[in-house]
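A.B. asks: sequence isn't available, so here's the structure alone:
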Ligand SMILES: NC(=O)c1ccc[n+]([C@@H]2O[C@H](COP(=O)([O-])OP(=O)(O)OC[C@H]3O[C@@H](n4cnc5c(N)ncnc54)[C@H](OP(=O)(O)O)[C@@H]3O)[C@@H](O)[C@H]2O)c1
């Protein structure tokens, strides 16, 4: 199992540890311990106490990666936040007139759809909803039902303007952007472990400036946009030394003509 079996009952049903004890397997292999204090270590302890050998740790790195959002929600009361950016080589996410369809090619966009399917919710700023009226759905065969719940953050909207008719506009819930940490707490309270932020520049800037981004998915196309819209804008940096050491590259890959680099916030 990826995660230690829970030792506590919850709204979802009986404790997994009790179910496993009822079946008495010859051996249990667990990737990592449950960070939930109601279980942490007790699932393993109860299985061992009942004479079932338990091995903890094979594939621990991968298991920890898989539960990172769950851990973040438990420890920080907010989802793991992944910021997705599709930029030109010179770091622009749109032309100066706001046009951004499309920066990257079909392979990168298909990969981005797979990333959507891996998240519980998608967040965009009101500027992106207004400019693009996007669908924000998963359009990969067989994964269409994995489209995450869309949210839009605004400091002024109480509802989505009626003129917007895209799928996201019809399905989105509005979050109050005056207090971003509170908006993220609201998502965590709704059970969101993994949040994918799909822009635009204003929201990305605010989240990075508040140090609320855990992962960066940076798709880069081999194009130059010159006087386009910068990916981030002012993030409050005054000393170049402070920019270093904040991001660790986890992966680089080629997707058609484009490149994807995945970074984790070094904490
Ligand atoms: N290539 C890409 O990866 C990509 C992705 C997405 C978008 N885009 C492009 O980016 C452009 C839109 O970017 P944008 O910067 O104009 O819009 P945005 O970041 O999507 O939205 C900015 C708006 O969000 C609202 N907001 C709510 N809380 C906020 C907070 N705490 N901090 C900052 N803003 C907050 C504000 O409007 P109110 O409070 O007034 O509602 C603000 O004007 C479009 O051209 C779009 O096509 C590109």
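C.D. replies: Ah, there it is. In this text the structure is predicted, and so the values were computed from the model without any measurement.

A.B. asks: contact residues of this protein facing the ligand?
C.D. replies: 85-86, 93-94, 98, 100, 103, 124-128, 131-132, 153-157, 177, 180, 198-203, 206, 229 (CB under 6 Å from any ligand atom). C-beta here means a position set from N, CA and C on the backbone, and glycine is covered the same way.

A.B. asks: of the residues you listed, keep whichever come out buried.
C.D. replies: Buried by 16 or more other CB atoms under 10 Å: 85-86, 93-94, 100, 103, 124-128, 131-132, 153-154, 157, 177, 180, 198-203, 206, 229, out of the residues of the chain next to the ligand.

A.B. asks: packing partners of whichever strand or helix holds residue 17?
C.D. replies: Using DSSP states H and E, residue 17 maps to helix 16-23. On a contact count with 3 or more CB pairs under 8 Å, 6 or more residues apart in numbering; DSSP states H and E, helix 16-23 meets helix 42-49.

A.B. asks: contacts for the helix it packs on, please.
C.D. replies: 4-7, 15-17, 20-21, 28, 30, 33-34, 54, 56 (CB atoms under 8 Å, 6 or more residues apart in numbering).

A.B. asks: can you pick the most crowded of the residues you listed?
C.D. replies: Using other CB atoms under 10 Å as the neighbour test, these are led by residue 4, with 28 neighbours.

A.B. asks: next up, the contacts around that one.
C.D. replies: The contact partners of residue 4, taken as CB under 8 Å, 6+ apart, are 30, 32, 33, 34, 39, 40, 41, 43, 44, 56.

A.B. asks: just send the residues you listed back as TSV, with pLDDT and distance to residue 120 too.
C.D. replies: Below are the contacts of residue 4 laid out as TSV (pLDDT from 0 to 100; distance: CB to CB, whole Å):
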residue	pLDDT	distance to residue 120
30	96	23
32	96	20
33	95	22
34	94	19
39	95	21
40	94	23
41	95	26
43	97	24
44	97	27
56	95	27
